[in-house]
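> Below are the sequence and a predicted model; questions follow.
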Amino acid sequence: MKRRLTKMGLFPGSILRVIRNDCGSPLIVSSGDGWLAIGRAIALKIMVEKNEN
């Protein structure tokens, strides 16, 4: 999974913004200049912390 996320441009310390979080569909996030669709099974395994900025 880590290799797959790295290929998608997600690294430890990456700043993500949730674009869409609808029930039953992939999570859409923005990272840098692009958007990514991440399946629920993978999204549940990613540890995040809220950025107050």
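Cool, the structure landed.

> where exactly do the strands run in the chain?
Assigned by DSSP state E, the chain shows strands spanning 17-20, 27-31, 34-38.

> ranges for the helices of this structure?
2-7, 40-43 (DSSP state H).

> looking at these, which is buried most?
Per residue and on average, the most neighbours among these fall to helix 40-43, with a mean of 12 (mean count of other CB atoms under 10 Å). From N, CA and C alone the C-beta is placed, and that goes for glycine too.

> Not counting that one itself, show me its contacts.
1, 4-5, 24, 26-27 (CB atoms under 8 Å, 6 or more residues apart in numbering).

> could the residues you listed be laid out in JSON lines, adding pLDDT and distance to Ile15?
As requested, these are arranged in JSON lines below (pLDDT from 0 to 100; distance: CB to CB, whole Å):
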{"residue": "Met1", "pLDDT": "79", "distance to Ile15": "20"}
{"residue": "Arg4", "pLDDT": "84", "distance to Ile15": "19"}
{"residue": "Leu5", "pLDDT": "84", "distance to Ile15": "14"}
{"residue": "Gly24", "pLDDT": "84", "distance to Ile15": "26"}
{"residue": "Pro26", "pLDDT": "93", "distance to Ile15": "20"}
{"residue": "Leu27", "pLDDT": "93", "distance to Ile15": "15"}
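
> I'd like to know which of the strands of the chain is closest to Glu49.
Among the strands of the chain, strand 17-20 comes nearest to Glu49, with 13.4 Å by CB to CB.
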